[in-house]
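# everything below, folded, please.
(one chain, ligands or ions: 1)
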Amino acid sequence: MIDKIKMMSTFEEQLDRQKHIRNFSIVAHIDHGKSTLADRILEMTHSVAQRQMKAQILDDMPLERERGITIKMNSVEVHYDAKDGQRYIFHLIDTPGHVDFSYEVSRALAAADGALLVVDATQGVQAQTLANVYLAIDNDLEILPVINKIDLPSADPKGTKAEIEDDIGIDTSDAADVSAKTGLGVADLLEKIVKIIPAPTGDLNAPLQALIFDSKYDSYRGVVLSIRVKEGQIHLGDKIRLMNAGADYEVTELGVFSPDATPRKELIAGDVGYLTASIKDIHIARSGDTVTNADRPAQKALQGYRPMTPMVYAGIYPTDNGKYNELRDALDKLSLNDASLEYEPETSTALGFGFRVGFLGLLHMDVVQERLEREFDLEIVITAPTVTYHVIKTDGSEEDISNPSDIPDASSIKEIREPFVNATIMVPEQYVGTVMELAQAKRGIFDTMDYLDKSRVNVKYKMPLSEIIFDFFDKIKSSTKGYASLDYSLAGFFVSDLKKIDILLNGDKVDALSFISHKDFADNRARVVTGKLKKVIPRQNFEIPIQAAIGSKIIARTNIKAYRKDVTVKIHTGDPDRRAKLLDKQRAGKARMKSIGRVDVPQEAFMAILKNSDDEQYNKGLS
Ligand SMILES: Nc1nc2c(ncn2[C@@H]2O[C@H](COP(=O)(O)OP(=O)(O)OP(=O)(O)O)[C@@H](O)[C@H]2O)c(=O)[nH]1
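Numbers count the residues shown, from 1 in each chain. Here you go, the predicted model:
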């Protein structure tokens, strides 16, 4: 069959092929079973040999497999022999569920014609179910509801469908009830995909327009572009133009993922596949650009993607200052594959040359840190993430500041505005009180509360982004037994009484450790952070005072005592092997530290400002 497709070239054959294509994406709230469903579809269409089948086969990044989450979208072509005797070509695009990766979802949806909306029948509609289905509706996709996990005793497919109808307003009479785990109902689902997801409609004779929806760098082939052909067709050897970049290339490889890269001679309107064209300049091939034929260009480019606004920023520095250029190259390459990553150079007196990097959330930041370390073999120090503040100065000028150490002297500041979000928390009725308490403790301002049905409530708060991103979600989850779900979007910037807290180690201000806190929390947080630094910074052979200050006023202080003895002295005359081993161990430990002044500071120190959610004092404001 694959050979036959390769040979297809007459117009009739192309039309016939197009009629049999179904492009769809799978969207859902996190953990509702998208990747497991993708596995079953691959298995039941015999796309992967039984012996190669493993769980979550499309999550091919080691990080995705370890964490059991989807970070990147993945597209794959499979062939399905339907009951009508015809063979269909499915292009399936699996997408991440976590809110930090919603940009991946929106880009994937622009490549599809329909979406399977997977809803866990034991959980019902959740906050990200809504967020993701609205993205699909915005993209004019045909939506096919899939009620998953019906093998579980607590599954309530009927109730789940009622929620989909009431909360989203989608008809569920065609919904498929499945267990992605056991495969129950998946055969019926495949038939429904053929009937309900529309075939693509692009004109095969029109000038080429193909949307770049993802890309990655390959050191042999250059940039590999993931494309959805919207109009016309593309052939091996064609001269192509990237319309926004205004650069021409020759196609050196075309193909589809099934799930391994499988070369093709042509891709036609409706196809989802990849192309390479010896593109070495990674700044040129960007997601959202349109590929056209250089000899017969399209009139205009397709609509690209809205740029993302990062929610949090952190500094990334190489532990070894000599690796700055390597870090820059790594960020360049990574940003090709992660279109939501933003960065610009910055310098820190404490850490040297590095970058201020924007992320969509903390999970995104974690993933970027791990990818830099694993895929690019870099050792980095990452500073505590912060939001962007609008600083209005007494002279009337305004500045956007995403690095606390850049906040000017208090005397020149008229006011500081911080970002607030509209947070929607969906929660069973019995936990409403708990959720409201948590939101209020995080400076939330109550907005509205609506009953979705008899037992579920939608609670809305305006909350400072800086309070929500760090641990609010975890807290909400753990105090509602996992039943609450959260979604948020930026509401705007509002004035708050904020203070910059500087940290001094051994009398020197460490710019990379400065942080911002609301006035009411400042004293307690300063105490918690200095206490935490005392624990994570190793003792040295002199005493190290740690102080926290607002301007010149010290608000908290503690000391790290000096060593009493030199540990190596004792074994100096003893076994030379042991001494060498000890020194090796010390050296390895030191590699992950930054020397600031005379003090060695480990990575954990920069995170001391974060992850204090369980510390009561940290969360306590002035009453
Ligand atoms: N019992 C049961 N468990 C299921 C079913 N489908 C998925 N699961 C389990 O639910 C968990 C989440 O499934 P995933 O497929 O990773 O969910 P996902 O939506 O892809 O998650 P993200 O990619 O992280 O957004 C896994 O432990 C699956 O084994 C099902 O039909 N029945």
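# confirm residue 330 sits in a helix?
Yes. Using DSSP: H, G, I helix; E, B strand; the rest coil, the assignment for residue 330 is a helix.
# against residue 107, how distant is it?
22 Å (C-beta to C-beta, to the nearest Å). The C-beta positions use only the backbone N, C-alpha and C, and glycine is treated the same way.
# do the same with residue 559
Computed with C-beta to C-beta, the distance linking residue 559 and residue 107 is 51 Å.
# more crowded one of the two?
The neighbour count for residue 559 versus residue 107, taken as other C-beta atoms under 10 Å, is higher for residue 107 (23 against 12).
# do a quick rundown of the helices in the stretch 101-250 of the chain.
Along the stretch 101-250 of the chain, the stretches classed as helices by DSSP state H, counting those that start in this stretch are 102-109, 127-138, 157-163, 186-196.
# check which helices and strands the second one sits against.
In terms of contacts (3 or more C-beta pairs under 8 Å, 6 or more residues apart in numbering; DSSP states H and E), helix 127-138 is packed against strand 21-28, helix 102-109, strand 114-120, strand 142-148, strand 413-428, strand 485-496.
# do the last one as well
In terms of contact count using 3+ C-beta pairs under 8 Å, 6+ apart, helix 186-196 is assigned the packing partners strand 21-28, helix 34-44, strand 74-81, strand 114-120, strand 142-148, strand 176-177.
# now the shortest one
With contacts defined as 3+ C-beta pairs under 8 Å, 6+ apart, the secondary structure elements packing on helix 157-163 are strand 114-120, strand 142-148.
# let's see it at 10 Å
With contacts defined as 3 or more C-beta pairs under 10 Å, 6 or more residues apart in numbering; DSSP states H and E, helix 157-163 has these neighbours: strand 114-120, strand 142-148, strand 176-177.
# bridge partners for residue 267, pull those for me.
Under DSSP bridges, the beta-bridge partners of residue 267 are residue 234.
# was I right to think it contacts residue 253?
No. Using C-beta atoms under 10 Å, residue 267 makes no contact with residue 253, being 11.2 Å away.
# ok, the two, which is more surrounded?
Applying other C-beta under 10 Å to residue 267 and residue 253 shows that residue 267 carries more neighbours, namely 25 against 15.
# so where's the longest helix in the protein?
Longest helix of the chain, by residue count under DSSP state H: helix 519-536.
# so residue 501, which state does it fall into?
Going by three-state DSSP: residue 501 is strand.
# give me the neighbour count for it.
Neighbours of residue 501 under the rule other C-beta under 10 Å: 25.
# what's the answer for residue 265, then?
Neighbour tally, residue 265, other C-beta under 10 Å: 15.
# separation between the closest residue to it other than its chain neighbours and the ligand?
What sits nearest to residue 265 in space, not counting adjacent residues and going by C-beta to C-beta, 6 or more residues apart in numbering, is residue 236, at 5.2 Å. Distance of residue 236 to the ligand, given as C-beta to the nearest ligand atom, to the nearest Å: 34 Å.
# I'd say residue 236 and residue 273 touch.
No. With contact defined as C-beta under 10 Å, residue 236 does not count as touching residue 273 (11.9 Å).
# neighbour count for these two, which is higher?
residue 273 (26 against 16).
# nearest residue to that one other than its sequence neighbours?
Of all residues not flanking residue 273 in the chain, residue 256 sits nearest, at 4.2 Å (C-beta to C-beta, 6+ apart).
# the helix or strand where the one you found lies pairs with which strands, and in what direction?
Following DSSP states H and E, one finds residue 256 within strand 253-257. The pairing partners recorded for strand 253-257 under DSSP bridges are strand 261-263 (antiparallel), strand 272-276 (antiparallel).
# of these, which stretch is the most buried?
Highest mean neighbour count of the strands paired with strand 253-257: strand 272-276, a mean of 25 (counted as mean count of other C-beta atoms under 10 Å).
# mean confidence for that one?
The pLDDT scores in strand 272-276 average 93.
# burial of residue 30, as a residue count?
When neighbours are defined as other C-beta under 10 Å, residue 30 has 19 of them.
# contacting residues for residue 261?
The contact partners of residue 261, by C-beta atoms under 10 Å, 6 or more residues apart in numbering, come to 221, 224, 253, 255, 273-274, 276.
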